[in-house]
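>>> Sequence first, then the predicted structure:
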Amino acid sequence: MTKNIMIVGVGGQGSLLASKMLGHLLLTRGYDVKVSEVHGMSQRGGSVVTYVRFGDKVYSPVIDKGEADVIISFELLEAARYIPYLKKNGRIIVSDQQIDPMPVITGAARYPENLIDKMEQAGAQVDAMDAMSLALEAGSAKAVNIVLMGRVSRYFEEIPEEAWIQALEECVPPKFLEMNKKAFALGRK
Amino acid sequence: MKQLMLGNAAVARGLYEAGCGVASSYPGTPSTEITEEAAKYDEIYCEWAPNEKVALEVAYGAALAGKRSFCGMKHVGLNVAADPLFTISYTGINAGMIIGVADDAGMHSSQNEQDSRHYAVSAKIPMLEPSDSAEALAFTKLAYEISEQFDTPVLLKMCTRVSHSQSIVEIGERVELPLKEYTKDISKYVMMPVNAKRRHPAVEQRTRNLIAYAETSPLNRVEMGDTKIGIITSSTAYQYVKEVYGEQASVLKLGMINPLPEKLILDFASKVDKLVIIEELDAIIEKHCQALGLDVTGKDVFPLEDEFSQNLIAEKMGIKLEEGLSLDEDIPVRPPVMCAGCPHRGMFYTLSKNKCTVMGDIGCYTLGAVAPLSAMDVTACMGASISSIHGFNKARGEDAEKRTVAVIGDSTFMHSGMTGLANIAYNMSNSTVIILDNSITGMTGHQQNPTTGYNIKGDPAGKIDLEALCKAMGIRRVRVVDPYDLEACDAAVKEELNAPEPSVIISRRPCVLLKYVEVKPPVKICKENCKGCKMCMKLGCPAISFQDGKASIDETLCVGCGVCEQLCKFDAITK
């Protein structure tokens, strides 16, 4: 049975490191894994999405509507944007940070309110967190991705914490390792 | 050892293992990482060429000289390289040569959705099409063998979902190959009519030989399952087909897309009840099957546009889908924008303010077309800004000359802007060209180019002086402005538009994302002074928003470029 995880956010928020760590971890656990990214124009502050799929045998590199088991979102609006991709009773792990897209900045559109409640009403299990504060507590705003990974790790009972830490050690440059370990622990707590 | 590898990195690994010695490319999404990754292997000489035609000819020269070679590009890059492509098909090569081309169905980062497979058919060059990273590695190595066995360059066709997906590969060792002998052979390599006439039949015979190869090659694979439906497919579409059907359909998976086998397809068709062709973009396989007299389902059901997915295939084949969740809420779009502190912003604001007609080009600065700047009229292809402003001005005369500018990046100017400028200088239109020199190839992720002074490995290299170059081409009015200085930009644009001769304005400041660029502390809003006039909002800077009737700065994004500060008449924005 293939499991599907989407990582969504705003271009430049660091989702590539999160998908790298997740892909590496799942590979070491013996799964077939595919990770699909989009580079280029959308990285300039646009909406970005990375697909991570794992199981005995994975064919398609992308996740389609109604297929995601988990959506990890770096930003609130982006979680809401991709909700059609979530399975019924699927889980959303979201940093509650809000970044206005250009149509909101120019006044052509408004940033929707009460998105967490609305996503829950739509049938998603929402785990919203202030990942930015935890990242700053760990030592850098850039560690939001690893805080979120810490939170995600809670929902994978089959994978022990040590395996996550090992994946972190193998994917993060040594000089940032301690800070990221702290970020992971704060996210998981 | 098993590892997860990006499709493009797997091609680079294949180049390394197959003993490739020379790689020359021009960056273009989604092809760029092939050459970036190849450059990490010291055994392969790698370079960024000024454009794809040059890159292909460099690779051709290296192959003739006896070393396995590679050139890489995106689909539209192959248009630029098409001229040599068609003729080196006639001459053949010496050591193996691969042309990597990456299509972008869905146009994630492209201006059109053309299907590169047509080039393989019309240039009569074999084309291989991997469907994941493991195949990308294996096909790259096999491509060199085909290239040398059949004396032809080989096209390796990637696409966004193969190039930018990571899947599992097993890596091997590099084979070091001796330099092949180079022998002068005028009748084979000098394509004047008398020789080309002799070479053309050799090309046709080669295609017949390649068809025979395609019939039994492991590149084309039959996976028999339920025989009620038989699907012929390739590339990433194969993965979607398997995702939907598993063993519930029989599949002929084509890894070699040109030339296509005949007996293999007829044999497969005879074993299934209904034959379906599932291919992204154009109907290449389908038309081949129809020419073989087969009755197929294809583009009567599947779209010619956009990329496919498992849901699209299921839906078109009448399979019921699981529904996802839905939210009753308008979700505002989040289009890409110029970064906070982008040096292009000041110049585009100036063009917007002066109501200029702007002939645009390909790069990050195409985002100058996005609201609220909306400072672009046309964007078509690399270099078109400079060539088309000349035609625009010749057609509309002085009135247009006084308000029309061409904008082009430093890398795009080196790629194909220079010939357009030569035309302006030679045929004398009073055109104003703005080179947006951010000292890097930006959109594709910071590649060096001939104006930066560094090569693909970041080592010092030759550096072309843009001012001297433009002057040498006959443009007397060449001036440099700092796009962070709005007053200087305004003066430069006004003066050069009104000057009675062609001019080049070099709008110069390095991309703010470059590591060596030092950013300043964020600017501050003095709420008492802010009148809520929204003047600063006209810049379309993602770091500025409007909250409770006042401007507000996102301190995590602002790099203190100070452009908004120059616009504020009430001293509400300060350092």
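Good, I have the coordinates.

>>> Which helix in chain B has the most residues?
helix B:193-216 (DSSP state H).

>>> what's the answer for chain A, then?
helix A:15-28.

>>> May I see the buried residues of it?
If you call a residue buried by 16 or more other C-beta atoms under 10 Å in any protein chain shown, then helix A:15-28 has these buried ones: A:15-27. All C-beta spots, glycine's among them, are computed from the backbone N, C-alpha and C.

>>> CA atoms only for the longest helix of chain B, dumped as CSV, please.
Only the C-alpha atoms of helix B:193-216 are listed here, as CSV (Å, rounded to 0.1, in the frame of the first residue of the first chain):
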residue,chain,number,x,y,z
PRO,B,193,25.8,19.2,-51.7
VAL,B,194,27.9,16.5,-53.4
ASN,B,195,28.7,14.9,-50.1
ALA,B,196,25.4,15.5,-48.4
LYS,B,197,23.7,13.7,-51.4
ARG,B,198,25.8,10.7,-50.6
ARG,B,199,25.1,10.9,-46.9
HIS,B,200,21.4,11.1,-47.1
PRO,B,201,20.9,7.5,-48.2
ALA,B,202,23.2,6.4,-45.4
VAL,B,203,20.8,8.2,-42.9
GLU,B,204,17.8,6.4,-44.4
GLN,B,205,19.6,3.0,-44.2
ARG,B,206,20.6,3.8,-40.6
THR,B,207,16.9,4.4,-39.7
ARG,B,208,16.0,1.0,-41.2
ASN,B,209,18.8,-0.6,-39.1
LEU,B,210,17.5,1.2,-36.0
ILE,B,211,14.0,0.0,-36.6
ALA,B,212,15.3,-3.6,-36.7
TYR,B,213,17.2,-2.8,-33.4
ALA,B,214,14.0,-1.4,-31.9
GLU,B,215,12.1,-4.6,-32.5
THR,B,216,14.2,-6.6,-30.1
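
>>> Residues contacting it, please?
B:87, B:89-92, B:124, B:126, B:146, B:150-152, B:186-188, B:191, B:220, B:256, B:259-264 (C-beta atoms under 8 Å, 6 or more residues apart in numbering or on different chains).

>>> let's see 10 Å
B:87, B:89-92, B:121, B:123-126, B:146, B:149-152, B:185-191, B:217, B:219-220, B:254-265, B:267 (C-beta atoms under 10 Å, 6 or more residues apart in numbering or on different chains).

>>> For PyMOL, write the selection for the buried entries among the residues you listed.
Selection command for PyMOL covering only the buried members of those, criterion 16+ other C-beta under 10 Å:
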select buried, chain B and resi 89+90+91+92+121+123+124+125+126+146+150+152+188+189+217+219+220+254+255+256+257+258+259+260+261+262+264+265
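
>>> Okay, and which of the contacts of helix B:193-216 map to strands?
When these are checked against strands (DSSP state E), the matches are B:220, B:254, B:256, B:257, B:258.

>>> Contacts only, for the third one.
This means residue B:256. By C-beta under 10 Å, 6+ apart, the residues touching residue B:256 are B:120, B:126-129, B:139, B:142-143, B:146, B:154, B:210-211, B:213-214, B:217-220, B:234.

>>> now do the fourth one
Residue B:257 is in contact with B:116-117, B:120-121, B:126-129, B:155, B:157, B:214, B:219-220, B:234-235, B:279, B:284-285, B:288, counting by C-beta under 10 Å, 6+ apart.

>>> same thing but at 7 Å, please
B:117, B:120, B:127, B:129, B:157, B:234, B:284 (C-beta atoms under 7 Å, 6 or more residues apart in numbering or on different chains).

>>> closest to chain A among the residues you listed?
residue B:234 (14.0 Å; C-beta to the nearest C-beta).

>>> my guess is that closest one meets residue B:254, correct?
Yes: when contacts are counted by C-beta atoms under 7 Å, residue B:234 is listed as touching residue B:254 (4.3 Å).

>>> For stretch B:462-471, measure first residue to last.
19 Å (C-alpha to C-alpha, to the nearest Å).

>>> Buried ones in that stretch, by neighbour count?
Quick answer for stretch B:462-471 (16+ other C-beta under 10 Å): B:464, B:466, B:469, B:470.

>>> so which of these also contact chain A?
Near chain A, taking C-beta under 7 Å from any C-beta of the partner chain as the test, no member of the buried residues of stretch B:462-471 is found.

>>> domains of chain B?
Per automatic domain parsing, the structural domains of chain B span B:2-216, B:220-316, B:344-508, B:524-574.

>>> Quick one: those domains as a markdown table, columns for mean pLDDT too.
Output for those, formatted as a markdown table (pLDDT from 0 to 100):
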| stretch | mean pLDDT |
| --- | --- |
| domain B:2-216 | 98 |
| domain B:220-316 | 98 |
| domain B:344-508 | 97 |
| domain B:524-574 | 94 |
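
>>> Turn the ones you listed into JSON lines, including distance to residue A:11.
Shown next, in JSON lines, are the domains of chain B (distance: least, C-beta to C-beta, whole Å):
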{"stretch": "domain B:2-216", "distance to residue A:11": "12"}
{"stretch": "domain B:220-316", "distance to residue A:11": "19"}
{"stretch": "domain B:344-508", "distance to residue A:11": "12"}
{"stretch": "domain B:524-574", "distance to residue A:11": "10"}
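
>>> what's the following helix or strand after the helix or strand of chain A with the lowest mean pLDDT?
For chain A, counting by mean pLDDT, DSSP states H and E, helix A:102-105 ranks last in confidence among helices and strands (a mean of 90). Reading on from helix A:102-105 to the C-terminus, the next helix or strand found by DSSP states H and E is helix A:115-121.

>>> And for that next one, what's in contact with it?
Here helix A:115-121 has contacts from A:76, A:77, A:79, A:80, A:83, A:92, A:126, A:128, B:327, B:329, using C-beta under 7 Å, 6+ apart.

>>> and the first one, how many neighbours?
Read it as residue A:76. By other C-beta atoms under 10 Å in any protein chain shown, 20 other residues sit near residue A:76.

>>> next one: the third one
Applying the criterion other C-beta under 10 Å, we find 28 residues in the vicinity of residue A:79.

>>> Show me the contacts of residue B:257 that map onto strands.
Judged by DSSP E, strands contain the following of those: B:127, B:157, B:234.

>>> Quick one: residues contacting the residue nearest to the first one when sequence neighbours are not counted.
Just to be clear, that refers to residue B:127. In space, and not counting its chain neighbours, residue B:127 is closest to residue B:120: 3.6 Å by C-beta to C-beta, 6 or more residues apart in numbering or on different chains. Shown in contact with residue B:120 (C-beta under 7 Å, 6+ apart): B:127, B:155, B:257, B:258.

>>> Could you identify the most distant pair in those residues?
B:155 and B:257 (8.7 Å; C-beta to C-beta).

>>> Now the common contact residues for the two.
Listed as contacting both residue B:155 and residue B:257 by C-beta under 7 Å, 6+ apart are B:120, B:127.

>>> For the stretch 351-500 of chain B, which residues are neighbours of chain A?
B:364, B:367, B:371, B:372, B:443, B:444, B:445.

>>> one more time with 10 Å
B:364, B:366, B:367, B:370, B:371, B:372, B:442, B:443, B:444, B:445 (C-beta under 10 Å from any C-beta of the partner chain).

>>> Which entries within those meet the buried criterion?
B:364, B:366, B:367, B:370, B:372, B:442, B:443, B:444, B:445.

>>> Using a markdown table, lay out the residues you listed together with secondary structure.
Output for these, formatted as a markdown table (DSSP: H, G, I helix; E, B strand; the rest coil):
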| residue | secondary structure |
| --- | --- |
| B:364 | helix |
| B:366 | helix |
| B:367 | helix |
| B:370 | coil |
| B:372 | coil |
| B:442 | coil |
| B:443 | coil |
| B:444 | coil |
| B:445 | coil |
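
>>> between these, which is nearest residue B:419?
Using C-beta to C-beta, residue B:366 is the member of those that sits closest to residue B:419, with 20.5 Å.

>>> Quick check: chain neighbours aside, which residue is closest to the closest one?
In space, and not counting its chain neighbours, residue B:366 is closest to residue B:379: 5.3 Å by C-beta to C-beta, 6+ apart.
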